[in-house]
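Q: here you go, sequence then predicted model.
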Number of protein chains: 2
Amino acid sequence: MAPSVEKTSDDLNNLSISPFGQARSTVEGQPLDNEEIRKMTDYFHATLYLCLGMIYLKENPLLREPLKVEHLKRRLLGHWGSDAGQSFTYIHMNRLIKKYDLNAIFISGPGHGAPAVLSNSYLESVYSEVYPDKSEDINGMRRFFKYFSFPGGIGSHATPETPGSLHEGGELGYSISHAFGTVFDHPELIALTMVGDGESETGPLATSWHSTKFLNPITDGAVLPVLHLNGYKINNPTLLARVSHKELESLFIGYGWTPYFVEGDDLPTMHQAMAATMEKCINEIKEYQKKARETGKAFRPRWPMIVLRTPKGWTGPRKLGDHFLEGFWRSHQVPIPDVLKDSSKLKTLEEWMRSYGPERLFDESGAIVPELKELAPTGLSRMSANPIANGGILRRKLHVPDFRDYAIEVKSGGIENLGSMANCAKFLRDIIKNNPKHFRLFGPDETESNKLGGVYEAGKKVWLGEYFEEDADGGNLALEGRVMEMLSEHTVEGWLEGYILSGRHGLLNSYEPFVHIIDSMVNQHCKWIEKCLEVEWRVKVASLNILLTSTVWRQDHNGFTHQDPGFISVVCDKSPEVVRIYLPPDANCLLSVANHCLRSSNYVNVIIADKQEHLQFLNMEQAIAHCSKGVGIWDWASNDQGEEPDVVMASCGDVSTHEALAATALLRQHIPNIKVRFANVVDLFKLIPAAEHPHGLSDREYAAIFTDNKPVIFNFHSYPWLVHRLTYKRQGQDHLHVKGYREKGNIDTPLELAIRNETDRFSLAIAAIDQLTGYGNKAAAAREALLNQRIKAKNYAFHEGLDPEELTKWVWPY
Amino acid sequence: MAPSVEKTSDDLNNLSISPFGQARSTVEGQPLDNEEIRKMTDYFHATLYLCLGMIYLKENPLLREPLKVEHLKRRLLGHWGSDAGQSFTYIHMNRLIKKYDLNAIFISGPGHGAPAVLSNSYLESVYSEVYPDKSEDINGMRRFFKYFSFPGGIGSHATPETPGSLHEGGELGYSISHAFGTVFDHPELIALTMVGDGESETGPLATSWHSTKFLNPITDGAVLPVLHLNGYKINNPTLLARVSHKELESLFIGYGWTPYFVEGDDLPTMHQAMAATMEKCINEIKEYQKKARETGKAFRPRWPMIVLRTPKGWTGPRKLGDHFLEGFWRSHQVPIPDVLKDSSKLKTLEEWMRSYGPERLFDESGAIVPELKELAPTGLSRMSANPIANGGILRRKLHVPDFRDYAIEVKSGGIENLGSMANCAKFLRDIIKNNPKHFRLFGPDETESNKLGGVYEAGKKVWLGEYFEEDADGGNLALEGRVMEMLSEHTVEGWLEGYILSGRHGLLNSYEPFVHIIDSMVNQHCKWIEKCLEVEWRVKVASLNILLTSTVWRQDHNGFTHQDPGFISVVCDKSPEVVRIYLPPDANCLLSVANHCLRSSNYVNVIIADKQEHLQFLNMEQAIAHCSKGVGIWDWASNDQGEEPDVVMASCGDVSTHEALAATALLRQHIPNIKVRFANVVDLFKLIPAAEHPHGLSDREYAAIFTDNKPVIFNFHSYPWLVHRLTYKRQGQDHLHVKGYREKGNIDTPLELAIRNETDRFSLAIAAIDQLTGYGNKAAAAREALLNQRIKAKNYAFHEGLDPEELTKWVWPY
């Protein structure tokens, strides 16, 4: 079939893009002698033998008997396709770790090629140290094989159970952003990062190459990406393996890197090429760092990277019958699938496995022979033993100032308008100040818009791009800083995850509607930390803190696209072991909640708070008491003391609280004898039964606040049904009337938007009246009056484009 | 401040990267005469005058009186920053549309710069034709200004109300993928696509540049991207505006494009440069298409694109007081924010607006002067009148074969194992065959894995990359095809959205766990089509059909990362006007549901079905009856006929149905007299009250199936609480016991995974027994026996790595 790209003169000079043949590489050099090549080949073959063993065998691990069907696992699972390329890279890094005493970790982008990582961990003894039953002998090897991809056993991705892993690679796209996260503020660390060419097609990965514009060569370490042009995905060629050399090289130069190519499948020449290339990269990294550190002047080098082009399923049979195997997508998973039924295929497998020479590679006991063992680094230099990948071990204490020092004065609830977020910025600023090397703030270009710009006093925005004269005019950019902003929620989230997984602390701030962009990443992080709880050697890491603002209720010009409070629906689906959601109603509560979250570990904390000025309700003492309980009655806003209330007005969320309190005031104004209890929820999981979440209230506690038979009008920040989903087992559920965002919006004033969704003060008061009994005509008159006020408010917005001032400037009147 | 990038010799030859100065461009040429330049400048100024009017004015639209505060809107909203660059581009395309009679649409990536699009639509009369009250006179202009970014008025993004828009640009990242979607199978169309440099930092945008590898120059149209290096985001410089020319040029060559640069702010030279460059691009596009179409040989050209570097807020004041405005992020939104209070600022604004010369540009009546009016195309050639952007108009009928012809034979329910998805592939194959130019199937490299490979008989995978010899071995690649696969859920989803919004039909297939990656895109599409329902001139488009498989319950080797059935939680939050969710239990139901979805319009349809072989339950007649109702009792699996059941066993989802039926059988085996009713839900929204969703059952209908007082054991495909969220208002809610995925998993066999989450047959039967009354010892004995069977099953999995065969090979025994 004819190539489809029109050739230009540039292309005609290009190298072939075949993965086969003698090594072709950008870097020349023969750093290895024949003996080294022989040993590295043996070591490589040992790892590949182990990979096949993991996929196939439950008995006869070293093939000391002829291979029979009963030695095979009855269900064959696992991925072979990228194993060889990953292992090859790992082994070459081992050489340089030993030579230069490097501090390195291995991030496996194609984490489903876990056999490559596991086999290397096993050969460097770490796996057996961590899991003594998988010992370095024939019995241990048998167990190591059998339990790979076996129920309750060893996962087929680089799961939390995998020593040395902080990146599972189950969902693709995050290897580079995770890698950068680990090296920020770890100046000696090199994150060797295998990037799959399939993964490279994902959006998150495609933009994360730009991360170099945020890496400071003085204060940060380095990422050495190895783009693995393995050629195929599950069932398709990869894009990057099927474009010309010119395009490929240009792409990475364009991204700001210096790409070095290593291509081919001939082992001796490939070893020389990879050894020379990787050494060149390490030396370049060291030189850039040295230059910057000695001069004290940070700059953005064109950091080196490697493009490794090898056949998928490398070292396997090129063909099986009439079908291509090596160098084709058929080698993606179990390379010879039908060995259980086809004895000739079983024979092929056996010959293949024996071709690696297990009898030479492993000694009588089943351990790797000493001359090969020596190739691996030792102690904590082993990549699978690097404590950075179990970052909880290294987690330094976060020095959090006393949040009470940032309290705003609230003499009386519901009187004064102040900005909760701008105030919280001061607290965050001082956390940055107190923790100059292990706390960063992340966000997609919204920190200032989110009223958190105050943090720049302590740490500016990291920027290694070019500077213009305008930047001096409040640009807050710096070569070294503490705030990380790129307009990619994926990248900043990936950085933050890498940063905390390697033992540091941080917080992401984002617009509420667009945090859905990273639903899947947050999902995966939840799964990672949940699994870590089951892995006894994993030490807890700092929580992933997500501060959401620019919320649904204040989108008067952005409109419907910017109205989506549904991220917490996704978070609520995750394990109660790891998720926490807080909706502080005002500034002092926000401080208390932020303090709590930042000090916590192993959670995903979501905090939702609006950035605009709001009425303030609680002084610091009240806020602490309220947030400690997470939910409670606000006595000062209630008038049912000592009596049964007629109605409970409840709220969760700051804007929602404002409107609910206004509704309470309206009710009391229009129906003087009415008894209204006001309750507020800060910690959303208080609503769920205690059996289902560690924060859940007991039924008795719940009823003490919400009653079990009185009408509850609950004004909620997000979709109303989420509250029902949390409370469906509660007594009194039938009396619970939740108002919230019902996916109705436009470019509305705040009050108008609330009216559309019936979360405004008038609608809430009307909803309460509709549930009242015993107030007869008075209630009917009040209802009529409130309806008229609601119409008036809408008309005012329609004609003036503003919320009616006399209504929104409401303060608590009692 | 010193530039931070280390200079190389290459860079030293680079052009400046400043946005100011005389035009600098790749393409030389002076295509315009002075008169043309003058007119184009006037027209440009007219659009910019309108942009400022929209942001500021409610009265005095043509400044025929001195500007006073009372002429201003009291709340100022809108975005100025990208308006000039977008309008400039739009106007230059107008010239070429007229010259070459082009069929073009304008896609505004930075859609929040809607004033640019709206002002052009207004000047070419389309806006007034569509909205007669916004007439082309002074009164119409006044209304046009006032209602921009005004409650209930004109949105500040390129919303569905915007003529000519099919891309809102509220959430950034999808302009290029949408553009490609529109031009697939529209060989004459050119999608002029403005890409913001902020948007360019997002992952989805960063990878979507690769879309050219899937564009066939014979059968498809072309995308002409204009990357707008506007320089700044809300509060930061953009990455691409702050790297060297060499990097920028390399990046786009690397992505496979030929970038042409147009840079500067000097209007006369910029007009010449843009005119010459855009004309060159259009001619290149035409030449490539001609060559391919004449030879009949498709190839992948390096398609042209434009990099337009202009100052943010171009044509505004460079400085306001001490602060930079033009060429800085301060010009992002309302460029002079404090005009309401500061009279000197008001003066500045007035002078600025007058500098465009409104008295020259508009005639006495307030209409644009005739010599300028002539610059715009007419009729359907006007980009804001192109029917492609109101694709429903063009929607061709989808020729769907009779789905009953694909029925699988089911003599008796619950006996035979067959693959529902592989069977559905035949139906999809023939839809492809019948609709060779207006239906495509999309997916991220999973079509084959999802057992849909049968479709390749009718349409192969489009691939314009290089070909290797292996591809002939079942690669199913072709230069022209009907299946679109790239490992980017974002890109394929964006293509599909663009494809249907421009009048065609399609379906996305994806792994269930990773569809969360596009939560936010689907959200935004839901919002788009919901709003379209309110816009009377928008004609309905085909539904966005999403077929999810590789579901949570069959992840025995991928493990926990691949277990997430929560996408439908996100979908359930969207408007009931637009979302539909179906979980067909077997092959015939899947056909019936797929048929229904493919024929529908303006919905987001989510279909969830497993790809593995399953027991089949309903013959085609039964399936049609069942799917038409969406929920129903399966009489053949129930034995409560004519009596009250002891328990209702209900299910939703194929694997869930399998286990629930097995549980029913176990109950009847262990407790012979028990009366079990079996109910199944296909259409999830049947569960919700009729008042809340058009598909919802009335309470009476609901009770007729589920009773209002009997225990219901409901086995659900997704998270159990979602069913409670849908049913919390139903009578009998207290008797409803939902089992589903509770975020507990590992590399488990299917049965083991079910046991972990108590969705297995044994746990379900036990749950039923726990709610039984009146069966005394018999029930207790049955419970004991079932517990033992469950333990046995777990042990078997643990030791053998398989589901116990005698248990999973269950068939319906009655």
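A: Thanks, I have it.
Q: quick one: low-confidence ranges for chain A?
A: For chain A, residues meeting the criterion pLDDT under 70 lie at A:1-15.
Q: what domains does the record give for it?
A: Domain assignment of chain A by automatic domain parsing yields the ranges A:26-389, A:403-614, A:630-808.
Q: in TSV: these, plus distance to residue B:158 and mean neighbour count.
A: For the C-beta atoms, the positions are set from N, CA and C on the backbone; glycine is no exception. Supplementary listing: these in TSV, determined by distance: least, Cβ to Cβ, whole Å; neighbours: other Cβ atoms under 10 Å in any protein chain shown:
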stretch	distance to residue B:158	mean neighbour count
domain A:26-389	22	22
domain A:403-614	10	23
domain A:630-808	13	20
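Q: ignoring the adjacent residues along the chain, who's closest to the residue of the stretch 451-600 of chain A found nearest chain B?
A: Proximity of the stretch 451-600 of chain A to chain B (Cβ to the nearest Cβ) peaks at residue A:561, 2.7 Å away. Closest residue to residue A:561 apart from its sequence neighbours, by Cβ to Cβ, 6 or more residues apart in numbering or on different chains: residue B:170 at 2.7 Å.
Q: residue A:70 touches residue A:57, doesn't it?
A: No. Under the criterion of Cβ atoms under 8 Å, residue A:70 makes no contact with residue A:57, lying 10.7 Å away.
Q: which SS class is the nearest residue to residue A:140 once chain neighbours are set aside?
A: The spatially closest residue to residue A:140, leaving aside those adjacent along the chain, is residue A:134, at 5.0 Å (Cβ to Cβ, 6+ apart). At residue A:134, secondary structure determined by DSSP: H, G, I helix; E, B strand; the rest coil is coil.
Q: in contact with residue A:134: list those residues for me.
A: Neighbouring residues of residue A:134 by Cβ atoms under 8 Å, 6 or more residues apart in numbering or on different chains: A:122, A:127, A:128, A:140, A:141, A:143, A:144, A:147.
Q: find the pair from the residues you listed with maximum spatial separation.
A: A:128 and A:147 (13.4 Å; Cβ to Cβ).
Q: contact residues of the stretch 551-700 of chain A facing chain B?
A: A:556-562, A:564, A:566, A:569-570, A:572-575 (Cβ under 8 Å from any Cβ of the partner chain).
Q: now, the most widely separated pair of those?
A: Pairwise over these, using Cβ to Cβ, the maximum falls at A:557 and A:575, 38.1 Å.
Q: mind checking how far residue A:236 is from residue B:549?
A: Applying Cβ to Cβ, to the nearest Å, the value for residue A:236 to residue B:549 is 17 Å.
Q: I misspoke; the intended subject was residue A:673.
A: For residue A:673, the distance to residue B:549 - Cβ to Cβ - is 60 Å.
Q: over to residue A:147?
A: From residue A:147 to residue B:549 the distance is 28 Å (Cβ to Cβ).
Q: near chain B, which residues of the stretch 51-200 of chain A show up?
A: Going by Cβ under 8 Å from any Cβ, the residues of the stretch 51-200 of chain A near chain B are A:58, A:73-75, A:77-78, A:112, A:149-153, A:155-157, A:159, A:168, A:170-173, A:198-199.
Q: cutoff 7 Å now
A: A:73-75, A:77-78, A:149-153, A:155-157, A:159, A:168, A:170-171, A:198 (Cβ under 7 Å from any Cβ of the partner chain).
Q: and those residues, which of them are in strands?
A: Members of those lying in strands (criterion: DSSP state E): none.
Q: which ones are touching the nearest residue to residue A:175 once chain neighbours are set aside?
A: Using Cβ to Cβ, 6+ apart and skipping the chain neighbours, the partner closest in space to residue A:175 is residue A:109 (3.3 Å). In this structure, residue A:109 makes contact with A:169, A:175, A:193, A:194, A:195, A:196, A:199, judged by Cβ atoms under 7 Å, 6 or more residues apart in numbering or on different chains.
Q: show me where the stretch 701-814 of chain A has its strands.
A: Using DSSP state E, counting those that start in this stretch, the strands of the stretch 701-814 of chain A run over A:712-716, A:736-739.
Q: ok, which of these comes nearest chain B?
A: strand A:736-739 (8.8 Å).
Q: centre of the chain to the closest one, how far?
A: 33 Å (Cα atoms, centre = their mean, to the nearest Å).
Q: can you name every helix or strand that that strand contacts?
A: strand A:712-716, helix A:720-727, helix A:761-771 (3 or more Cβ pairs under 7 Å, 6 or more residues apart in numbering or on different chains; DSSP states H and E).
Q: could you list the residues in contact with that strand?
A: A:711-716, A:720, A:723-724, A:727, A:758-759, A:763-764, A:767, A:771.
Q: partner strands of it, with direction?
A: strand A:712-716 (parallel) (DSSP bridges).
Q: next, the angle from the strand it pairs with to helix A:761-771.
A: Strand A:712-716 and helix A:761-771 are oriented at 160 degrees to each other (axes from the mean of the first three to the mean of the last three Cα atoms, to 10 degrees).
Q: which helix runs longest in chain A?
A: helix A:267-295 (DSSP state H).
Q: so it, near chain B or not?
A: No. In terms of Cβ under 7 Å from any Cβ, no part of helix A:267-295 sits within range of chain B; the closest distance is 8.3 Å.
Q: now do that helix: which elements does it pack against?
A: Using 3+ Cβ pairs under 7 Å, 6+ apart, helix A:267-295 sits against helix A:34-56, helix A:83-100, strand A:222-229, strand A:258-263, strand A:304-309.
Q: redo those as CSV? Include distance to residue B:66.
A: Formatted as CSV, the helices and strands packed on helix A:267-295 follow (distance: least, Cβ to Cβ, whole Å):
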stretch, distance to residue B:66
helix A:34-56, 81
helix A:83-100, 72
strand A:222-229, 60
strand A:258-263, 60
strand A:304-309, 61
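Q: of all the ones you listed, which one is nearest residue B:521?
A: Once Cβ to Cβ is applied to the helices and strands packed on helix A:267-295, the stretch that comes out nearest is strand A:222-229, at 26.5 Å.
Q: so what touches stretch A:263-272?
A: A:19-25, A:30-32, A:37, A:40-41, A:309-311, A:314.
Q: recalculate using a threshold of 8 Å.
A: Here stretch A:263-272 has contacts from A:15, A:19-25, A:29-32, A:36-37, A:40-41, A:44, A:88, A:92, A:229, A:262, A:273, A:307-311, A:314, using Cβ under 8 Å, 6+ apart.
Q: show me which residues of the stretch 701-814 of chain A are close to chain B?
A: Going by Cβ under 8 Å from any Cβ, the residues of the stretch 701-814 of chain A near chain B are A:719, A:721-722, A:724-726, A:728, A:733, A:743-744, A:746-749, A:752, A:797-798, A:800-802.
Q: rerun that using 6 Å as the cut-off
A: Counting by Cβ under 6 Å from any Cβ of the partner chain, the residues of the stretch 701-814 of chain A close to chain B are A:719, A:721, A:724-725, A:728, A:743, A:747-749, A:752, A:797-798, A:801-802.
Q: so which bits of the stretch 401-550 of chain A are right by chain B?
A: The stretch 401-550 of chain A has residues A:445, A:448-449, A:464-467, A:470, A:473, A:485-488, A:490, A:516-517, A:519-520, A:523, A:527 near chain B, with proximity defined as Cβ under 6 Å from any Cβ.
Q: so which of those residues are in strands?
A: Per DSSP E, strands hold the following members of these: residue A:485.
Q: please flag which of the residues of the stretch 401-550 of chain A next to chain B sit within helices.
A: Per DSSP H, the subset of those in helices is A:490, A:519, A:520, A:523, A:527.
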